[in-house]
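[1] task: produce atomic coordinates for the following.
(chains A and B, ligands or ions: 6)
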Amino acid sequence: MNIPEKQLKRVDLIFAETEVYETLEIAFKRDKQEVLNEILESGLRGRGGAGFPTGLKWKFTAEQPSEEKYVICNADEGEPGTFKDREILTRVPLKVLGGMAICGHIIGAKEGYLYLRGEYRYLVAHLDTYLNSFNDWLKKHGIDFTIYIRMGSGAYICGEESALFESMEGKRGEPRNKPPYPTVAGFRNKPTVINNVETLVYATVICKYGASLFKNLGTFDSRGSKVFSVSGDTPVAGIYELDFGMTVERFVEEFGDGDTKAVQVGGASGFCVPRKKFKETIIGFEGVPTGGSMKLFNSSRSMYNVLHNYLDFFHEESCGQCTPCRIGCQQLLHGIEAVKKGEKSTAYLITLLKLAETMKIASKCGLGQSVGNSFKSIVENFKEEMIY
Amino acid sequence: MKNTINLKIDGITVTVDKGETILAAAKRLGIKIPTLCYHEDLCVAGNCRVCIVEQTGMRTLPASCATPATEGMEIFTNSLKVRNARKHIVELLLSEHNADCTKCYKNGNCELQNLASETLVNEPMFLDLVPGNKYTIDKYNPAIIKDDSRCIRCQRCVRTCEELQGVSALSVAYKGSKMKVSAFLEHSLNEVVCTNCGQCINRCPTGALVERNYVDQVWDELLNPNVHVVVQTAPAVRIALGEELGYAPGQRVTGKMVTALKRLGFNSVLDTDFTADLTIIEEGHELLNRLKRALVDKDPTVSLPMATSCSPGWIKFIEHTYPEYLNNLSTCKSPQQMFGALAKTYYAQKRGIDPKNIISVSIMPCTAKKFEANRPEMRDSGYKDVDYVLTTRELARMIKQAGLDFQHLEDSKYDSIMGEGTGAAVIFGATGGVMEAALRTAYEVVTGREVPFEKLRIMPVRGMEGVKEASVLIENTLPEWSFLNGVELKTVVAHGLTNADAVMRKVKNGEGGWHFIEIMACPGGCLGGGGQPIPTNKEIRKKRAEAIYAEDEGLPIRKSHENPEIAMIYSEFLEKPLGHKSHDLLHTTYKPRLRY
Ligand SMILES: Cc1cc2nc3c(=O)[nH]c(=O)nc-3n(C[C@H](O)[C@H](O)[C@H](O)COP(=O)(O)O)c2cc1C
Ligand code: SF4
Ligand code: SF4
Ligand code: SF4
Ligand code: SF4
Ligand code: FES
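    Ligands and ions are numbered 1, 2, ... in the order given. You can find the predicted model right below:
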């Protein structure tokens, strides 16, 4: 198939000054359905990784008959190599709060919570100054919606939405069975919208400028722009907002050091794209999705070490409740070690690839289901590095 | 709105109720999907993933225990995808498991072992993770052994302890590969709020939680010619032992059990029912005494409601959780401990045996009784009143060890003395039974008439409802009890400690207005005790309860105060209820314990 090539283009929506209060005043005056239609129309999909259409999520929650609903901003930012939510919260916190208030208005929630990664505790004072005046402003304008901050405490799994609810309810952060989904039974088992920090900012932006500005960026499946956290072997590590849907090749041209052999798209739970596939791979929901983490590796890197590092991370950060993930992660980790040491034959990699496939389909939550992404894409593309 | 759902499982259409899971729907079709973390007494966890199925149109394999059926769903329970994934899951569990079945107490009755056998695992597919993991074995508790190397992290025990027992002595600690089930701060179960109820053991699918067994010690005593070994059997053992020995749930095997115990070499086979009847006399008088002090003497220090004290799991629970209510407990020892104290005094005297040569063994449906027998207070005879406590399961093991063909044993009768029990004692084994037995006696003592219930069946206190209230109006009393005339005696019965907690919270809030509370730590009462045959579920407990009530109605005497051996012990030894000797041997004290 002939894919029309998207050029790399910087965009400035996320961090640009936006009159949030003015945007809200207008949004609150409009018909709720109209505002929701705007979000639906924009094609915005969740920026936390899974990419669920945001408008639909809001719509489903709005349709629930419950009196008690919640909006939660997922600021747990735990994916290795992602650091954009921190930047957003530092630079444009009001736009995040604005997105939450708009969502609350549409779905009929009275409380919003910002679940902040434990390591970002230093941001609380900064956020509080905005939060207090924001809450006051809402009250003054007769809007029954209040936002609170809740702290995480360092477990990666607590970024998974249902584990996050458990954590907020004071329980151990273990993912729940789905269904029911959060739109039906989320925080305190009430209908809940949970969105990534960046998703909520885009919601504010869409309310401000209308759906079309956003919709006209990106590709059919990946509308709009996206904030990337670029790290690894690059001379220009940092945070960039780019038009969505470019190929890895274009990305590497801009950010690589001239010797890029692989790009890990989407962090530990994402996919590794080897050089030979740069050209054909689109960064976006139609290709390799990403919550924002983009890590470049040059030829000095051992992909065995990269994979080992990820598996080490997963075998510690799995919540441990379900069999495929808790034990599977250990088997993959110790399995590649055994192959490397020659204790297991190279054919054992095939066994492990099959196991990774089982983990993908049989694990209880997204963590265990995504371990296979990096495992398969690294083992299949860098088999020699696994063995020698 | 439509309340049924149609779906297709393995090509067969089935109609189920809304909200029913795929697992339940498959069961309707006679398809048994394997499970491990699922237990019908508990909320759904969905963590073992053994029960995965394939659903058309879904990328992932849903866990059938945790996924409600939806209209038009198409499910495959045994597709290639499912088979491969399930095999992986079983292999993974085994790779983390210390699977030396021959050295495991659960060998032969283990859900993991069965699953491994069904799945046909042979050569291990994956690396052995056991040596790399530092598993702990908690063997410092007199009742329960917890061996983490056999734990599959299904959390059934955690859910049991929290949901059914409201204790939460066990919880999940750490994450990832280090995730484990642990007591508070990794203390031994001995050092935490654990009540030793053993409900977690009953629901553990593997050998990770088992009772501490004393089978070998008891054999040593039986084979020692210099000691006289007496054994007592609790009411709930006779209606459940059969399940371990080839009978369906609900079969009574009292006579065969007595024969078997004699064949094992016990010198005297006696009945805890005897001291259950004795409990009714002592506890009944204690209650009437408290009522008199409250109603006639207007004594403000008297503690009401009075609560039963025959369930040692409940005792430890209240010591930890409601220590300010210890005075509300009846001071009566449990029937086991009354028996123990009398075995080495009354029995020894009558039989002319030096109590130091008596070994007293009890067969209990209960693990908490193992702890109770070790309490320092339980030495009123001058010796350890009960030397060894065996569960129903341990007795079955001994019967198998001795090679007895249990099903073909003839029936025999208990020995005497202390072998006579009434129907009122038998029903101690079911929730509500102590209350019913107490009412049968107390009502008659006070009014001179039988309780006004057909065939003595006090139905309001029977059944598996978690909390049952009943009241009896007392009228036309005998002259000495006239202060009770017109009093409506209000009672409440709870089983399972979560229900006990609910009752106690009401008591604390001054609600309920009860005079007398019966609490059993275990769901269903002793018949669902932590030492009973595994598995357990509502259906099995119901069958056992039916057997208990049938046993009651089959006995010639059904009221404790009519037990001739009870009359005899008062005339020969104890003198009178709540008398001096009773006080020394049959009553006890409690101690406040910390929650953490
Ligand atoms: C293991 C795991 C960790 C996750 N961590 C985060 C996170 O840190 N931040 C986030 O926004 N979403 C995270 N997610 C995704 C959330 O579950 C959820 O899909 C997301 O917050 C929804 O927001 P969105 O629709 O705006 O993307 C994680 C998912 C998994 C499975
Ligand atoms: S997949 Fe992993 S993180 Fe998710 S529930 Fe299972 S063990 Fe926990
Ligand atoms: S728990 Fe079961 S599988 Fe494990 S050793 Fe014991 S009998 Fe065998
Ligand atoms: S014995 Fe009872 S109280 Fe103790 S851990 Fe098990 S279920 Fe909880
Ligand atoms: S101890 Fe038993 S019930 Fe508890 S998690 Fe382990 S295997 Fe499951
Ligand atoms: S039985 Fe369904 S996940 Fe364990």
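
[2] tell me which residue is most central in the chain.
    Here I'm looking at chain A. Centroid-nearest residue in chain A: A:Gly48, 2.0 Å away (criterion: C-alpha atoms, centre = their mean).

[3] my question was about chain B, not that one.
    Centre-nearest of chain B using C-alpha atoms, centre = their mean is B:Gly529, 1.1 Å out.

[4] OK, contacts around it?
    B:Cys197, B:Gly198, B:Ala236, B:Met364, B:Pro365, B:Cys366, B:Thr367, B:Thr392, B:Cys522 (C-beta atoms under 8 Å, 6 or more residues apart in numbering or on different chains). Glycine gets a C-beta too; all of them are placed from N, C-alpha and C.

[5] next one: B:Leu264 from ligand 2, what distance?
    Using C-beta to the nearest ligand atom, to the nearest Å, we find B:Leu264 at a distance of 47 Å from ligand 2.

[6] what's around that residue, how many residues?
    B:Leu264: 19 surrounding residues under other C-beta atoms under 10 Å in any protein chain shown.

[7] one step back: does the residue nearest to the centre of chain A count as helix, strand or coil?
    Assigned by DSSP: H, G, I helix; E, B strand; the rest coil, the conformation of A:Gly48 is coil.

[8] residue in the stretch 51-200 of chain A nearest to ligand 6?
    Relative to ligand 6, the nearest point of the stretch 51-200 of chain A is A:Asn177 (8.6 Å; C-beta to the nearest ligand atom).

[9] mind pulling up the pLDDT for that residue?
    For A:Asn177, the pLDDT comes out at 98.

[10] wasn't it part of a helix?
    No - secondary structure of A:Asn177 (three-state DSSP): coil, not part of a helix.

[11] contacting residues around it?
    Listed by C-beta under 8 Å, 6+ apart, the contact set of A:Asn177 reads A:Lys364, B:Val44, B:Gly46, B:Ala63, B:Ala66, B:Thr67.

[12] tell me which parts of the stretch 51-200 of chain A are close to chain B?
    A:Ala155, A:Ile157, A:Arg172, A:Glu174, A:Asn177, A:Pro179 (C-beta under 8 Å from any C-beta of the partner chain).

[13] output the set of residues of chain B in proximity to ligand 1.
    Applying the criterion C-beta under 6 Å from any ligand atom, no portion of chain B neighbours ligand 1.

[14] hmm, stretch B:144-155 in reach of ligand 5?
    Yes - using C-beta under 6 Å from any ligand atom, stretch B:144-155 reaches ligand 5 at B:Cys151, B:Ile152, B:Arg153, B:Cys154, B:Gln155.

[15] who wins on neighbours among these?
    B:Cys154 (28 neighbours).

[16] so where do the strands sit in the stretch 351-500 of chain B?
    Per DSSP state E, counting those that start in this stretch, the stretch 351-500 of chain B carries strands over the ranges B:358-364, B:388-391, B:467-473, B:488-495.

[17] ligand 3: which of the ones you listed is closest?
    The closest of the strands of the stretch 351-500 of chain B to ligand 3 is strand B:388-391. By C-beta to the nearest ligand atom, the value is 17.5 Å.

[18] count the residues that sit near A:Lys171.
    When counting by other C-beta under 10 Å, one arrives at 10 neighbours for A:Lys171.

[19] and if you look at B:Arg397?
    16.

[20] who's in contact with the closest residue in space to it that isn't next to it in sequence?
    Nearest residue to B:Arg397 in three dimensions, chain neighbours excluded: B:Val215, at 5.8 Å (C-beta to C-beta, 6 or more residues apart in numbering or on different chains). B:Val215 is in contact with B:Leu390, B:Glu394, B:Arg397, B:Met398, B:Gln401, counting by C-beta under 8 Å, 6+ apart.

[21] one more pass at 6 Å, please.
    B:Glu394, B:Arg397, B:Met398 (C-beta atoms under 6 Å, 6 or more residues apart in numbering or on different chains).

[22] and the end-to-end length of stretch B:374-388?
    Taking C-alpha to C-alpha, to the nearest Å, the first and last residues of stretch B:374-388 lie 9 Å apart.

[23] outside of that stretch itself, list whatever touches it.
    By C-beta under 6 Å, 6+ apart, the list of residues contacting stretch B:374-388 reads B:142, B:214, B:217-218, B:337, B:340-341, B:344-345, B:355, B:359-362, B:373, B:585, B:588.

[24] and the residues you listed, which are buried?
    B:142, B:214, B:218, B:337, B:340-341, B:344-345, B:355, B:359-362, B:373, B:585, B:588 (16 or more other C-beta atoms under 10 Å in any protein chain shown).

[25] neighbours of the residue of the stretch 201-350 of chain B found nearest ligand 6, how many?
    Here the stretch 201-350 of chain B gets closest to ligand 6 at one residue, B:Pro205, 9.7 Å apart by C-beta to the nearest ligand atom. Using other C-beta under 10 Å, the number of residues around B:Pro205 comes to 26.

[26] start to end distance for stretch B:339-357?
    End-to-end distance of stretch B:339-357 (C-alpha to C-alpha): 16 Å.

[27] what comes up buried for that stretch?
    Result for stretch B:339-357 [16+ other C-beta under 10 Å]: buried residues B:339-348, B:350, B:353, B:355.

[28] same check, this time on stretch A:86-105
    Of the residues in stretch A:86-105, A:86-89, A:92-105 count as buried by neighbour count, 16+ other C-beta under 10 Å.
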